[in-house]
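Student: Coordinates for the following, if possible.
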Amino acid sequence: MNKQLILKQRPKGMPDDHTWILKESPIPEIHEGEFLIQNHYISLDPAMRGWMNDSKSYIEPVQIGDVMRAGAIGKVIESKHPKFQVGQTVTGWHGVQQYAVSNGENSYPVDDSQVPMTKFLGVLGMPGMTAYFGLMEVGKVQEGDVVVVSGAAGAVGSVVGQIAKIKGCHVVGIAGGKQKCDYLVNTLGFDAAIDYKSQNVFEAIKETCPKGLDVYFDNVGGEILEAALSRLRRHARIVICGAISQYNNLENMKGPRNYMALLVNRATMQGMVVMDYAEKYPQAMQEMAGWMLAGKLQSNESVFEGIENFQETFKRLFTGEKLGKLLLKVID
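Tutor: Below you'll find the predicted structure:
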């Protein structure tokens, strides 16, 4: 049988017991030009919260009654497709389910012989690509820049900071709690870390970036974005990747009140969606894999087990009870 997580109703605020239903159905049969994947790991990402809203966005919302959209990685166990063979490891938009059928669209074979399978959902997957292209293409990072990143201990933020260090920048990460801040500085090599739970972020950015900042990579939004805007240098670049502090906001989203800092400092603030750079993924993956093998790029995965535990695991994205990439192991 195939266990699948079905979107039952659209949440208001934080998803709860009424949002999804766990369904069991026979493992699907494949037809010519298709192959069957047994998923091993499901990727949990903040963007999933937005995909449940019935509103205009960069991607169509998940429909009521459909399998919850998610990135996943697993093995091909049956194939009638000329380009996908039994035993291959594939990653793609395979949903929160144990088995998925694909015709090859949005499914990509990967070589996990030297790199663990989980890395292709993290540092070498969508979060890593988001960090790479957000920083390089949108942030236009340069050697000597002062780079600040929020959500810095997460899957995207942790990679952003490390790439910035590789590129010769002064890097400050914002995270919640001493453990995460210590991880940023002592393990990942950030120059400084700000604990938003115990420090005044406005004052802390002023202290750690006395001459201001050149690039702010935003995963959080809200008051932390305002704090970053208050410390911009001339021609600074702000990368809007996400706003996790606002995703479950039942009222109007809180935007920056001090946006005129963009005008005063001739700065730019630009949104980025990683899918726009899909054609360049292979180039980025090759470079990042090289950094990993050279010991310059590290990653951490928080792995929890059981598709039945999806909802409790998903909440960790918003409570901060995880370090690095959040994954759900769904293979029995």
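Student: ok, the residue nearest to Met253 when sequence neighbours are not counted - contacts?
Tutor: With C-beta to C-beta, 6 or more residues apart in numbering as the criterion, Met253 has its nearest non-adjacent residue at 4.6 Å, and that residue is Gln246. From N, CA and C alone the C-beta is placed, and that goes for glycine too. Residues in contact with Gln246 (C-beta atoms under 8 Å, 6 or more residues apart in numbering) are Gly221, Gly222, Met253, Lys254.
Student: Now, those residues that are in helices?
Tutor: Under the assignment DSSP state H, the contacts of Gln246 contribute Gly222 to helices.
Student: By neighbours, which of the contacts of Gln246 wins?
Tutor: Gly221 (23 neighbours; other C-beta atoms under 10 Å).
Student: what's the pLDDT at that residue?
Tutor: Looking at Gly221, its pLDDT is 91.
Student: Which strand or helix spans the residue nearest to it when sequence neighbours are not counted?
Tutor: Sequence neighbours aside, Ala243 is the residue nearest to Gly221 in space, at 2.8 Å (criterion: C-beta to C-beta, 6+ apart). Using DSSP states H and E, Ala243 sits within no helix or strand.
Student: ok, now how distant is the nearest residue to Val201 once chain neighbours are set aside from Asn200?
Tutor: Once flanking residues are discounted, Val201 sits nearest to Ala227: 4.4 Å by C-beta to C-beta, 6+ apart. Distance of Ala227 to Asn200, computed by C-beta to C-beta, to the nearest Å: 9 Å.
Student: between those two, which one's more packed in?
Tutor: Ala227 (24 against 12).
Student: Show me the shaky parts of the protein.
Tutor: Across the chain, the ranges flagged by pLDDT under 70 are 250.
Student: Sketch out the helices for it, chain order is fine.
Tutor: Using DSSP H, helices in the chain cover 47-51, 126-133, 157-166, 178-182, 201-208, 222-229, 261-264, 281-293, 310-319.
Student: So which of the ones you listed is nearest Val115?
Tutor: helix 281-293 (6.9 Å; C-beta to C-beta).
Student: mind saving the C-alpha coords of the closest one as PDB?
Tutor: Provided in PDB are the C-alpha atoms of helix 281-293 (Å, rounded to 0.1, in the frame of the first residue of the first chain):
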ATOM      1  CA  TYR A 281      21.600  24.100 -11.700                       C
ATOM      2  CA  PRO A 282      24.200  21.600 -13.000                       C
ATOM      3  CA  GLN A 283      26.900  24.300 -13.100                       C
ATOM      4  CA  ALA A 284      26.000  25.400  -9.500                       C
ATOM      5  CA  MET A 285      25.900  21.800  -8.200                       C
ATOM      6  CA  GLN A 286      29.300  21.000  -9.700                       C
ATOM      7  CA  GLU A 287      30.900  24.000  -8.000                       C
ATOM      8  CA  MET A 288      29.200  23.400  -4.700                       C
ATOM      9  CA  ALA A 289      30.100  19.700  -4.800                       C
ATOM     10  CA  GLY A 290      33.700  20.800  -5.300                       C
ATOM     11  CA  TRP A 291      33.500  23.000  -2.200                       C
ATOM     12  CA  MET A 292      32.100  20.100  -0.200                       C
ATOM     13  CA  LEU A 293      34.800  17.700  -1.200                       C
END
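Student: Pull the contacting residues for Thr208.
Tutor: Thr208 touches Val172, Asp191, Ala192, Ile194, counting by C-beta under 8 Å, 6+ apart.
Student: Ala204 too?
Tutor: Contacts of Ala204 by C-beta under 8 Å, 6+ apart are Ile194.
Student: Distance check, it against Tyr196.
Tutor: 8 Å.
Student: Kindly report the same for Asn300.
Tutor: From Asn300 to Tyr196 the distance is 20 Å (C-beta to C-beta).
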